[in-house]
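1. okay, predicted coordinates and the sequence, questions at the end:
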Amino acid sequence: MRRSRKVKILATLGPASSEEPKIRELFEAGADVFRINMSHADHKLMRTLVSRIRNVEKEVGRPIGILADLQGPKLRVGTFAEGAVELEPGQTFTFDDNPAPGDTTRVHLPHPEILSSVEAGHRLLVDDGRLHLVCEETDGRSIRTRVVTGRRISDRKGVSLPDTDLPVGALTDKDRSDLEAVLETGVNWVALSFIQRPEDLAEVRKIARGRALLLSKIEKPQAVARLAEIIELSDALMVARGDLGVEMPLESVPGIQKQITRAARKAGKPVVIATQMLESMISAPVPTRAEVSDVSIAVFEGADAIMLSAESAAGQYPVEAVQMMNAIAEQVERDPLYPGIIHAQRSEPEATGADVISAGARQIAETLNLSAIVTYTSSGTTGLRAARERPLVPIIALSPVPDTARRLSLVWGTHCVISPDAVDLDDMVDRACRIAYEEEFGRPGDRVIITAGVPLRTPGATNMLRIAFIGSDGLSSA
């Protein structure tokens, strides 16, 4: 099954889409990777979903990626004697370490790290920013604040701290348990929530030991401030616009989205745009015009993947949401302006042989109007380098490693095929031509360009380019 677009679609599974027939419908509608949100899935459900995705993978004969999204540190207030209270702008309100039920003057904040870290002038945003308070005084056990905007606060609402650098890692005890569980099932990507600093990735990478690639969700101003360092230590990024829009001014989010997308593209790291892309389709069969424009901007920007959250997980129209996202992406990529925009954002290749080979393959393929770029990749690095160039021709990524093909299913423009390793150069060329023919990327007489590393089976050693004709039997011809 060949997609008619290069950007990938990441669909979240949930109550509306957890059964195997529905997962297959979502794949056939256009989903390339499935997300399991560990905020809402226990280990049993997670294993069931992974098993169902793999069953669908066998049925359709295409590698499908799985991303497990860890919950991260959720900071919440305690409870109130009456469940909720109404506050007045300008009044004083205190967060403290007293576990007694709260009232109109105070509430328990069961997070010592917040009580000891917040300083005068720092903002506290409760319930996704609906209640905005500013710290006036703190003594390590309580935070006295002034209400700026908003009125209502109720049990267990979340707290965001855009000005405070918390001395805690991104992994909670729940995350550690979830991480071990998802790694045992063989998921391909693990997403880390609420990271603040590059050091937050160290513990996860130590536990993962290469069993899954790490995707850093950028949703805090502290992460934006250290973006370059976080990109260097991450395997991919996600622009998590929901929490980012709570912790930073809403009007700054579009610019930050472009900043993150372009920085990730320059580094050759996949980047996902997420949150509220087709939000109205949770309850409506068609999106708003603004949502269509939002999705199209992410595609024009050259993001690797665009993501559906509640639209596919809990909405009334999960399949229709994927179909709509697929249709928008296909239309954008057919737009006459699209090639020029993608080309204008292309970075210069790094000063390595492998990057120069990938850049050369893209230029040759576009100049000669070849049918495809075929990359042999064991670790996935060659496929990533090819995608970094954002070629106008398709990329066929051949790998003998199923996990590599599944991981690359998140990467822009890559059509992944699991194929036994070539035995020699002639077999490599024949195999590339045959697969390009079988996957309907080329017909007899068409040409493809092949990149690989010689000697064969040497990870990360891309050093060869070869142009080959597809023969009448699908094999290469002189």
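-> Here it is on my side, so go on. Numbering: from 1, shown residues only.

2. okay, domains of this protein per the record?
-> Annotated domains of the chain cover 8-72+170-336, 84-160, 353-477 [automatic domain parsing].

3. show the end-to-end separation of the second one, please.
-> As for domain 84-160, its first-to-last residue distance stands at 19 Å under the measure C-alpha to C-alpha, to the nearest Å.

4. just stretch 206-215 next, same as before
-> 15 Å.

5. same check, this time on stretch 273-291
-> In stretch 273-291, first residue to last residue: 13 Å (C-alpha to C-alpha).

6. just give the nearest non-adjacent residue to Pro198, would you?
-> Glu229 (4.2 Å; C-beta to C-beta, 6 or more residues apart in numbering). C-beta here means a position set from N, CA and C on the backbone, and glycine is covered the same way.

7. gap between that neighbour and Glu301?
-> 23 Å (C-beta to C-beta, to the nearest Å).

8. higher neighbour count, those two?
-> Glu301 (18 against 14; other C-beta atoms under 10 Å).

9. my read: that one touches Gly255, true?
-> No. Glu301 lies out of contact with Gly255 (C-beta atoms under 8 Å); the separation is 11.8 Å.

10. picking up where we left off before, the domains of the chain: lowest mean pLDDT?
-> Among the domains of the chain, domain 353-477 carries the lowest mean pLDDT, at a mean of 90.

11. could you export the domains of the chain as CSV, including distance to Arg2?
-> Below are these laid out as CSV (distance: least, C-beta to C-beta, whole Å):
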stretch, distance to Arg2
domain 8-72+170-336, 9
domain 84-160, 40
domain 353-477, 6
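
12. mind checking the ones you listed for the one nearest to Arg346?
-> Comparison of those against Arg346 by C-beta to C-beta identifies domain 353-477 as nearest, at 5.9 Å.

13. how about the residue nearest to Leu45 when sequence neighbours are not counted, what does it touch?
-> Spatially, and ignoring its direct neighbours in sequence, Leu45 is nearest to Ser18 (7.5 Å; C-beta to C-beta, 6+ apart). Listed by C-beta atoms under 8 Å, 6 or more residues apart in numbering, the contact set of Ser18 reads 45, 48-49, 52.

14. Pro318 too?
-> Counting by C-beta under 8 Å, 6+ apart, Pro318 has contacts 11, 16-17, 22, 26, 308, 311-312.

15. of those, closest to Thr105?
-> For those, the nearest to Thr105 is Glu311 (40.5 Å; C-beta to C-beta).

16. how many neighbours does the closest one have?
-> By the criterion of other C-beta under 10 Å, Glu311 has 31 neighbours.

17. quick check: it is in a helix.
-> Yes. Assessed with DSSP: H, G, I helix; E, B strand; the rest coil, Glu311 lies in a helix.

18. against Val272, how distant is it?
-> Distance of Glu311 to Val272, computed by C-beta to C-beta: 15 Å.

19. ok, Ile306 next?
-> For Ile306, the distance to Val272 - C-beta to C-beta - is 7 Å.

20. beta partners for the residue at minimal distance from the centre of the chain?
-> Centroid-nearest residue in the chain, with C-alpha atoms, centre = their mean: Val272, separated by 3.8 Å. Beta-bridge partners recorded for Val272 (DSSP bridges): Met238, Ala305.

21. 755 is where my numbering starts, stick with that
-> Shifting the count to begin at 755 puts that one at Val1026.

22. next up, the contacts around it.
-> Applying C-beta under 8 Å, 6+ apart to Val1026 gives the contacts 764, 969, 990-993, 1057-1061, 1164.

23. of the residues you listed, buried ones?
-> Those of the contacts of Val1026 that meet the buried threshold are 764, 969, 990-993, 1057-1061, 1164, by 16 or more other C-beta atoms under 10 Å.

24. closest one of those residues to Gly815?
-> Of the buried ones among the contacts of Val1026, the one sitting nearest to Gly815 (C-beta to C-beta) turns out to be Leu1164, at 18.9 Å.

25. okay, now the closest residue to Pro1039 other than its chain neighbours: neighbour count?
-> Among residues not flanking Pro1039 along the chain, Tyr1071 sits closest, at 5.3 Å (C-beta to C-beta, 6+ apart). For Tyr1071, the tally of surrounding residues (other C-beta under 10 Å) stands at 21.
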